[in-house]
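**Q** Coordinates for the following, if possible.
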Amino acid sequence: MNTYIKYFTPVVLVGGLIFWTISTADTKSPEITANNNDHTSMTEPNSEYKRPSEEELRDRLSPMQFQVACNEGTEPAFRNEYWDNKKPGIYVDVISGKPLFSSIHKYDSGTGWPSFWKPIDEGEIVEEVDNSSFMTRTEVSSKTGETHLGHVFPDGPKPSGLRYCINSAALRFIPVEDLEARGYGKYLPLFDKPEKKAE
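**A** Residues are numbered from 1 along each chain as shown. Model prediction:
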């Protein structure tokens, strides 16, 4: 009997220790998972935005989108998707998915193209002198997607005095109610306390 107890007791102790370790780990793992889920829900889709290959772009974009975004084309005024869009949300680069503009900064310029008085991130907008069409203008493109967006003019409303005249074909609109589900949840605070409208 003593021999039985001598060998059985350590087995019970080791078994109990293993059981305790496993049960403790199980109770902790949901917290870690929950924290990870909370974190990822506030990150953007494709945390590393990039420009796909030309072949991918030709497959993915419509002919008008490709002509505008990749060949510096211009879509017709008043006959494009977002010129009169008044829904709240953000406008992302049609090529990379990087957020560019917000409905909060959109206004009716009367030109027939989506117009904004500021971008979400000025560092994502690249400006270049454009001497085409017998005039000098400032072309704007996206830094990440290298997407031709349109032009910026110094005749916009206050407070910036700028008018970013952007082709709808260079953008993709994400409604505010879809931001979280589409991975753009970090931009929801933009709509908590909207900035003063352009004047």
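**Q** And stretch 179-192, what's buried?
**A** Neighbour counts over stretch 179-192 (16 or more other C-beta atoms under 10 Å) mark Leu179, Arg182, Gly183, Tyr184, Gly185, Tyr187, Leu190 as buried. Just so you know, the C-beta spots here come from the backbone N, C-alpha and C atoms, and that holds for glycine as well.
**Q** Tell me what the residue nearest to the second one when sequence neighbours are not counted is bridged to.
**A** Okay, so that is Arg182. In space, and not counting its chain neighbours, Arg182 is closest to Ile174: 5.5 Å by C-beta to C-beta, 6 or more residues apart in numbering. Beta-bridge partners for Ile174, by DSSP bridges, are Ile90.
**Q** any idea how far Arg137 is from Ile174?
**A** 28 Å (C-beta to C-beta, to the nearest Å).
**Q** Of those two, which one has the most company?
**A** Legend: neighbour count by other C-beta atoms under 10 Å for Ile174 and Arg137, higher for Ile174 (20 against 16).
**Q** Isn't the more buried one up against Val92?
**A** Yes - contact status for Ile174 versus Val92: in contact at 6.1 Å, counting by C-beta atoms under 8 Å.
**Q** any common contacting residues for those two?
**A** Counting by C-beta atoms under 8 Å, 6 or more residues apart in numbering, the common neighbours of Ile174 and Val92 are Tyr184.
**Q** now the strands for the protein?
**A** 89-93, 99-102, 106-107, 115-116, 125-130, 137-142, 148-153, 163-166, 171-175 (DSSP state E).
**Q** Paired strands for the second one, with orientation please.
**A** When pairing is defined by DSSP bridges, strand 99-102 lines up against strand 89-93 (antiparallel).
**Q** Tell me which residues are up against the strand it pairs with.
**A** With C-beta under 8 Å, 6+ apart, strand 89-93 has contacts from 49, 82, 98-103, 114, 120, 142, 144-145, 147, 166, 170-176, 178-179, 184, 187, 190.
**Q** Just the buried subset of those residues, please.
**A** Counted by 16+ other C-beta under 10 Å, the contacts of strand 89-93 give 49, 82, 98-103, 114, 120, 142, 144-145, 147, 166, 170-174, 176, 179, 184, 187, 190 as buried.
**Q** Okay, now the unreliable bits of the protein?
**A** Scanning the chain with the threshold set as pLDDT under 70 gives 1-47, 194-197.
**Q** Turn the buried residues of stretch 179-192 into a markdown table, columns for distance to Glu199.
**A** Formatted as a markdown table, the buried residues of stretch 179-192 follow (distance: C-beta to C-beta, whole Å):
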| residue | distance to Glu199 |
| --- | --- |
| Leu179 | 27 |
| Arg182 | 31 |
| Gly183 | 34 |
| Tyr184 | 28 |
| Gly185 | 30 |
| Tyr187 | 24 |
| Leu190 | 19 |
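**Q** For Asp108, state which of those residues is nearest.
**A** Lowest distance from Asp108 to these (C-beta to C-beta) belongs to Leu190, with 19.8 Å.
**Q** isn't that closest one right up against Ser103?
**A** No - Leu190 is beyond contact range of Ser103, at 9.0 Å (criterion: C-beta under 8 Å).
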